[in-house]
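Novice: Sequence first, then the predicted structure:
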Amino acid sequence: MKSRRSFLLKTGLSALAIAVPKIESFSGGSPKKFAAIRPVQDGPVLKVALMGLGSYAARVADAMQSCKRAKITGLISGTPSKLESWSKKYAVPEANCYNYETYHQIKDNPDIDAVYVITPNALHKPHALGVAAAGKHVICEKPMSINAKDAREMVGFCEKAGVHLLIGYRMHFEANTLKVVNMRRDGAFGEIKFFQGLSGFRIGDPNQWRLNAELAGGGAMMDIGIYSINGARYMVGEEPIWVTAQEVKTDPVKFKEGVDETITFQMGFPSGVVASCLSTYSMNYLDKFFLNGTNGYAEMQPSTGYGPIKGRTHQGPLDEPHVTHQTTQMDEMAAIILDGKKASIPVDGEEGLKDMVIIDAIYKAVKTGGKVDLV
Ligand code: NAD
């Protein structure tokens, strides 16, 4: 770890003469009435290397087989047998397979435009910086880092390197989610007053990295609670100005110091909206959003799982067809990177940073027992 970090620090940015397509200004005005996302169909293909060939990378890799604009062209793993089997399965040439000691060589590989970082949370920062230093675009899993300071550094580094930094917020491209967000933007719920976000699952193996404070950067909040934080922001359409939070730990052996089991938290928004949320590693099937305004409501359950997303509003059921989230995400990210498309709900590093600032504040609120202001 240390040697990789010092390599990154020593790596200059002089070789990063990569051109980033100019982002076109948002042609928009207000979004079309309750419009669902218009799928990306045509255009150049984003050549993506996957880094960290674990369980989520496997899901992404399978989903990418149906992509029109993104293709797996490279693999990065510390396990030679995984490189061998994945390269066969996804027809990736051996020359495009790297390990964590050699992956900086991607800078000379025109077959790779972007690297999707799907490693444990605490490694996102060093890996993202390594990819950016090699002049390649970064797609990074959530949480983008383990605190706001690191997230800010990642945003600044990628900006200087002239590469995109996108966070794997797949829900930002999900059709029923976008339908609700567009209804809210169009005023269908009236003035928004309240949001509830419940995010959790029951975690198994006590030896996994998710329960290791150093690699996970925390516990359920970093992993699953972030969905309620991020969801509150896109459902309400405002940024919170304060948080309060309370922690409950029923199993201090499994959930050691620095690894949160269950946190309830509240967020206050400038208009007076209040969000009441729960993040846990101790309850299964907990995946629910509820939004209420003066004129209507939306409820989604499941709200952030792999789908199909189900729910209803006061106007009727949410029935946009299910498309594998990661397929849509990668096609849309290709359009963002290659065409300068603007996401309806942002997925850039700044968006990820906003969630990290809130997570820092929630942990502070747990410690102090008080209200933490965000502005
Ligand atoms: P995983 O344990 O299945 O995979 C992690 C991979 O990282 C493994 O292949 C492992 O070998 C590799 N790795 C590299 N260096 C490592 C190290 N020092 N220690 C441990 N592993 C190391 O985990 P996962 O479920 O695939 O999660 C990976 C990332 O993806 C996490 O950040 C997680 O939050 C994110 N994720 C996102 C979603 C989503 O829906 N967006 C879903 C699941 C996971």
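Specialist: Arrived safely, thanks for sending.
Novice: CA atoms for contacts and neighbours, from now on please.
Specialist: OK.
Novice: who's in contact with the closest residue to the ligand within the stretch 201-350 of the chain?
Specialist: Nearest residue of the stretch 201-350 of the chain to the ligand: D223, at 5.2 Å (CA to the nearest ligand atom). Applying CA atoms under 8 Å, 6 or more residues apart in numbering, we find D223 in contact with 142-143, 210.
Novice: Looking at those residues, spot the one nearest A175.
Specialist: Closest approach between those and A175, by CA to CA: K142, at 20.0 Å.
Novice: Can I take it that that closest one is in a strand?
Specialist: No. Per DSSP: H, G, I helix; E, B strand; the rest coil, K142 lies outside any strand segment and is coil.
Novice: so how many other residues sit close to it?
Specialist: 25 (other CA atoms under 10 Å).
Novice: can you give me the helices in the chain?
Specialist: 2-10, 55-64, 80-89, 124-133, 148-161, 175-185, 213-216, 220, 226-236, 325-339, 349-368 (DSSP state H).
Novice: Nearest to the ligand, out of those helices?
Specialist: Per CA to the nearest ligand atom, nearest to the ligand of the helices of the chain: helix 55-64, 3.6 Å.
Novice: With only the CA atoms kept, save the closest one in PDB.
Specialist: Taking C-alpha atoms only, helix 55-64 is exported to PDB below (Å, rounded to 0.1, in the frame of the first residue of the first chain):
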ATOM      1  CA  SER A  55     -18.600  -9.700  -6.600                       C
ATOM      2  CA  TYR A  56     -19.800  -6.200  -7.800                       C
ATOM      3  CA  ALA A  57     -17.300  -6.100 -10.700                       C
ATOM      4  CA  ALA A  58     -18.800  -9.500 -11.800                       C
ATOM      5  CA  ARG A  59     -22.300  -7.900 -11.800                       C
ATOM      6  CA  VAL A  60     -21.000  -4.900 -13.800                       C
ATOM      7  CA  ALA A  61     -19.100  -7.100 -16.200                       C
ATOM      8  CA  ASP A  62     -22.200  -9.200 -17.000                       C
ATOM      9  CA  ALA A  63     -24.400  -6.100 -17.300                       C
ATOM     10  CA  MET A  64     -21.900  -4.500 -19.700                       C
END
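Novice: by contact count, what packs against it?
Specialist: Applying 3 or more CA pairs under 8 Å, 6 or more residues apart in numbering; DSSP states H and E, we find helix 55-64 packed against strand 70-76, helix 325-339.
Novice: Bridged to F265, which residues?
Specialist: Taking DSSP bridges as the rule, F265 bridges to A245, C277.
Novice: My guess is it contacts V248. True?
Specialist: No. The pair F265 / V248 is not scored as a contact, 11.3 Å apart, by CA atoms under 8 Å.
Novice: Comparing those two, which shows the higher neighbour count?
Specialist: Neighbours per residue (other CA under 10 Å) separate F265 from V248, with F265 holding more: 23 against 13.
Novice: Per-residue confidence, that one, what does it come out as?
Specialist: With respect to pLDDT, F265 scores 99.
Novice: Name the residues of the chain found near the ligand, please.
Specialist: When proximity is defined as CA under 6 Å from any ligand atom, the chain approaches the ligand at 52-57, 118-121, 141-143, 168, 223.
Novice: Using neighbour counts, trim those to the buried set.
Specialist: Those of the residues of the chain next to the ligand that meet the buried threshold are 52-53, 57, 118-121, 141-143, 168, 223, by 16 or more other CA atoms under 10 Å.
Novice: want to throw those residues into JSON lines with distance to C97 and pLDDT?
Specialist: Shown next, in JSON lines, are those (distance: CA to CA, whole Å; pLDDT from 0 to 100):
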{"residue": "G52", "distance to C97": "12", "pLDDT": "98"}
{"residue": "L53", "distance to C97": "12", "pLDDT": "98"}
{"residue": "A57", "distance to C97": "15", "pLDDT": "98"}
{"residue": "I118", "distance to C97": "16", "pLDDT": "99"}
{"residue": "T119", "distance to C97": "16", "pLDDT": "98"}
{"residue": "P120", "distance to C97": "20", "pLDDT": "98"}
{"residue": "N121", "distance to C97": "22", "pLDDT": "98"}
{"residue": "E141", "distance to C97": "20", "pLDDT": "99"}
{"residue": "K142", "distance to C97": "24", "pLDDT": "98"}
{"residue": "P143", "distance to C97": "26", "pLDDT": "98"}
{"residue": "G168", "distance to C97": "22", "pLDDT": "98"}
{"residue": "D223", "distance to C97": "28", "pLDDT": "98"}
